[in-house]
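Visitor: Next come a sequence and a model predicted from it.
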Amino acid sequence: MKNAKWIWLNQKNLSDEFVAFYDEFDYENGKVFIDLSVAGDYTLYVNEKLVAFDQYQDYAHFKVYDKIEITEFVTVGKNKIKLVAWHIGVDAFNGYSFGAGAIYEVYDENSVLCFSKAG
């Protein structure tokens, strides 16, 4: 991800916290993808349609991301994404808590269409 920044609602790292992020992008044609990673779990919607959820466990020193083709969910013109993220925030059998955060970048074959940014 070239432009995206890690984001979160606050810097408190609260456990069991849900956050929803909203963004928009314009689409003309071709294949569209989103790369995304969450320190916890997520559900992704494009134009109010469920696209994907969950994430493989990863490590603070080796972050992984999901690459998802979203072409079938977009339409020509303005499109909306909604990313609901869950920061578990406690150590468990399937992972360790290493801080809240989400990062994403939507792109087509030629350019970046939108991305997570602080502020």
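Guide: That came in fine, so what should we check first? Numbering: from 1, shown residues only.
Visitor: From now on I want contacts and neighbour counts done on CA atoms only, so please keep to that.
Guide: Fine.
Visitor: Strands of this structure, start to end?
Guide: 17-27, 32-38, 41-46, 49-53, 66-69, 77-87, 102-108, 112-115 (DSSP state E).
Visitor: got the contact list for the fourth one?
Guide: In this structure, residues lying in contact with strand 49-53 by CA atoms under 8 Å, 6 or more residues apart in numbering are 41, 42, 43, 44, 45, 70, 73.
Visitor: again, only using 7 Å
Guide: Counting contacts by CA atoms under 7 Å, 6 or more residues apart in numbering, the residues outside strand 49-53 that touch it are 42, 43, 44, 45.
Visitor: Would you mind measuring from the third one to residue 102?
Guide: Plainly put, residue 44 is 12 Å away from residue 102 if you go by CA to CA, to the nearest Å.
Visitor: These two: who's more crowded?
Guide: Just comparing residue 44 and residue 102: by other CA atoms under 10 Å the higher neighbour count belongs to residue 102, 25 against 20.
Visitor: So residue 33 sits against residue 109, correct?
Guide: No. Using CA atoms under 7 Å, residue 33 is not in contact with residue 109, being 8.7 Å away.
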